[in-house]
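Peer 1: Fold the stuff below for me.
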Amino acid sequence: MPELQEEVTVHLINDKVRFTGVSGANPDQPVTFDYKPPLGDGQGYNGLELLLMSFSGCSATAIVYLLRKMRKTVSGLEVQAKGIRREEPPIKLEKIFIKFILNSKDTKDTDIQRAIQLAEQAACPVWQMIKNNVEVVTEYEILS
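Peer 2: Below is the predicted model:
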């Protein structure tokens, strides 16, 4: 069985700390990250923002997949995430609030609750990586 892997490349692009990064699967879709002055110029996402986006996108993908597997109609999903970080080193996220706003005419509370539970337990690899390191508080809203 071939080894499963993810590959990224990151390049410094200025005289401060602005980088661009690409994945092996998407070399033509660069992401820029940077830090606020004075360390950086604030011209990109910082690492914690990228982590929140990665977690949001991964959990959203899992939830849409799971709901559709339950034969539910998903016409839209918005994810809002907010991370609370430590002020003193080591600076890290201590708590993440994540809200799923689902557009669906036939999804019930029990359906989305189950999808969120499955995303946390197994379907979202990013959630698997953070779940014992960061407290995650979930919320959802269903719009029909």
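
Peer 1: give the contact list for residue 123.
Peer 2: 62, 65-66 (Cβ atoms under 8 Å, 6 or more residues apart in numbering). For every residue, glycine as well, the C-beta is placed using N, CA and C.

Peer 1: which ones among the residues you listed are found in helices?
Peer 2: 62, 65-66 (DSSP state H).

Peer 1: and residue 59, how far is that from residue 88?
Peer 2: Note on residue 59: its distance to residue 88, by Cβ to Cβ, to the nearest Å, is 28 Å.

Peer 1: Please say which of those two ends up with more neighbours.
Peer 2: Between residue 59 and residue 88, counted using other Cβ atoms under 10 Å, the more crowded position is residue 59 (25 against 5).

Peer 1: For the host helix or strand of that one, what does the pLDDT average out to?
Peer 2: Assigned by DSSP states H and E, residue 59 falls within helix 47-69. For helix 47-69, mean pLDDT is 97.

Peer 1: Give me the contact list for it.
Peer 2: Contacts of helix 47-69 (Cβ under 8 Å, 6+ apart): 31, 33, 45, 74, 77, 79-83, 85, 92-93, 96, 98, 100, 102, 104, 107, 111-112, 114-116, 118-120, 123-127, 130.

Peer 1: The residues you listed in helices, which ones?
Peer 2: Counting by DSSP H, the part of these found in helices is 111-112, 114-116, 118, 125-127, 130.

Peer 1: how about low-confidence regions in this structure?
Peer 2: Scanning the chain for pLDDT under 70 picks out the ranges 1.

Peer 1: still on that earlier bit, nearest to residue 6 among the contacts of residue 123?
Peer 2: residue 62 (16.6 Å; Cβ to Cβ).

Peer 1: For residue 96, see how far away the closest one is.
Peer 2: Residue 62 sits 16 Å away from residue 96, going by Cβ to Cβ.

Peer 1: For stretch 114-128, what is the distance to the chain centroid?
Peer 2: The chain centre lies 12 Å from the centre of stretch 114-128; the measure is Cα atoms, centre = their mean, to the nearest Å.
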